[in-house]
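S.K.: What follows is a predicted protein model with its sequence.
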Amino acid sequence: MLEANAVKNEITAHAIGTLSRHPEVRTILEIGGQDSKIILLNDGVVTDYAMNTLCAAGTGAFLSSQAGRLGLDIEDMGPLALESKSPAAIAARCTVFAESDLIHKAQVGYSKADLVAGLCRAVASNYLSNVGKGKKITPPVIFQGGVSRNQGVVQAFREELGAEIFVDQSGPLMGAIGAALLAKKAPKREVSFRFDLTEQAFDTRAHICERCPNHCEVTRFFRNSVELDHWGNRCEYV
């Protein structure tokens with residue numbers, strides 16, 4: 001679409017961005033608005049990773065919706081969580097259940113600070129049991145993504161892991177930083193990075209290929225009726 005110099009995945013981008021500032025990093029915890037991931041490294045090389053499932057429970061969107069339910073600005077959740085003396089136990093493995101649990105805890109008299117602290121703890125524990133399941137989390141640990149700005153979640157990770165959690169001021173942008181560094185290192189060629197996407201007509205078309213017994217579902221991607229790429233085929237027949 002963009003006629004960019006390089007096409008890389010987000011795992012690589014986050015790893016390169018983080019290594020550029022923290023070459024000693026061994027574990028990257030990342031929670032964004034819609035997804036989350038864990039990246040394990042050894043001597044500057046990615047050795048393992050995992051991402052969350054389709055459910056958005058435990059992401060920034062989840063925290064934002066709960067902040068709205070409590071009548072809070074998302075920026076106020078972190079400082080408020082640190083004021084809690086007795087965090088509420090909230091199950092956050094499912095957004096629907098978490099909202100129901102939050103309403104119940106509020107009805108029985110938990111303070112907003114305790115409710116928010118409970119949400120922050122639930123996000124951290126949900127992440128570790130889902131995204132980090134079976135992974136050996138080795139220090140130094142860097143926490144990034146937009147949710148890393150929530151001090152309550154940072155503190156919850158520190159308590160859950162019993163280790164120091166480092167947060168970079170540019171943590172929410174680390175994937176973009178990595179993408180820029182990868183583009184800079186890519187082989188130079190004549191390109192014209194496209195900023196006029198709104199003026200272009202993009203289209204995707206899917207069909208079942210009948211040319212061999214695989215019957216692959218092939219998706220074709222077009223710009224102004226010219227095919228840019230296709231995927232889904234398991235052989236050369238498309």
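M.R.: Everything's here; your move.
S.K.: residue ranges of the strands in this structure, please?
M.R.: Per DSSP state E, the chain carries strands over the ranges 27-31, 36-42, 45-51, 141-144, 165-166, 202-208, 217-223, 226-231.
S.K.: Any chance of those in JSON lines with mean pLDDT as columns?
M.R.: Below are the strands of the chain laid out as JSON lines (pLDDT from 0 to 100):
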{"stretch": "strand 27-31", "mean pLDDT": "96"}
{"stretch": "strand 36-42", "mean pLDDT": "95"}
{"stretch": "strand 45-51", "mean pLDDT": "94"}
{"stretch": "strand 141-144", "mean pLDDT": "96"}
{"stretch": "strand 165-166", "mean pLDDT": "96"}
{"stretch": "strand 202-208", "mean pLDDT": "94"}
{"stretch": "strand 217-223", "mean pLDDT": "94"}
{"stretch": "strand 226-231", "mean pLDDT": "91"}
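S.K.: which one of those strands is the most hemmed in?
M.R.: Stretch with highest mean neighbour count among the strands of the chain: strand 27-31 (a mean of 27; mean count of other Cβ atoms under 10 Å). (C-beta placed from N, C-alpha, C; glycine too.)
S.K.: Format the CA atom coordinates belonging to that one as CSV.
M.R.: C-alpha atoms of strand 27-31 as CSV (Å, rounded to 0.1, in the frame of the first residue of the first chain):
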residue,chain,number,x,y,z
THR,A,27,11.9,-9.8,28.3
ILE,A,28,9.6,-7.3,26.7
LEU,A,29,6.0,-7.0,28.1
GLU,A,30,3.8,-5.0,25.7
ILE,A,31,0.1,-4.0,26.2
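S.K.: how close does the residue nearest the centre of the chain sit to Ala81?
M.R.: A centroid search over the chain (Cα atoms, centre = their mean) returns Ser36, at 3.1 Å, as the residue closest to the centre. Separation of Ser36 from Ala81 (Cβ to Cβ, to the nearest Å) stands at 18 Å.
S.K.: and if you look at Gly58?
M.R.: As judged by Cβ to Cβ, Gly58 and Ala81 stand 15 Å apart.
S.K.: quick one, which of those two is more surrounded?
M.R.: Gly58 (30 against 26; other Cβ atoms under 10 Å).
S.K.: what mean pLDDT does stretch 119-128 have?
M.R.: What stretch 119-128 shows for mean pLDDT is 90.
S.K.: so Ser125 sits right up against Glu160, yeah?
M.R.: Yes: using Cβ atoms under 8 Å, Ser125 is in contact with Glu160, at 6.1 Å.
S.K.: Against Ala183, how distant is Ala117?
M.R.: Noted for Ala117: a distance of 41 Å to Ala183, by Cβ to Cβ.
S.K.: Below-threshold pLDDT in this structure: ranges please.
M.R.: Under the criterion pLDDT under 70, the flagged ranges of the chain are 54-57, 92-93, 95, 191, 238.
S.K.: Mind listing what's buried along the longest helix along the chain?
M.R.: Looking across the chain with DSSP state H, the single longest helix is helix 112-130. Within helix 112-130, the residues that qualify as buried are 112-128, 130, counting by 16 or more other Cβ atoms under 10 Å.
S.K.: Lys188 and Asn5 touch, don't they?
M.R.: Yes: using Cβ under 8 Å, Lys188 is in contact with Asn5, at 7.5 Å.
S.K.: the more surrounded of these two?
M.R.: When neighbours are counted by other Cβ under 10 Å, Lys188 and Asn5 differ, and Asn5 comes out ahead with 15 against 7.
S.K.: which residues does that one contact?
M.R.: Asn5 makes contact with Ala183, Ala186, Pro187, Lys188, Arg189, Val191, according to Cβ atoms under 8 Å, 6 or more residues apart in numbering.
S.K.: Look up how far Glu75 lies from Gly60.
M.R.: For Gly60 relative to Glu75 (Cβ to Cβ), the value is 12 Å.
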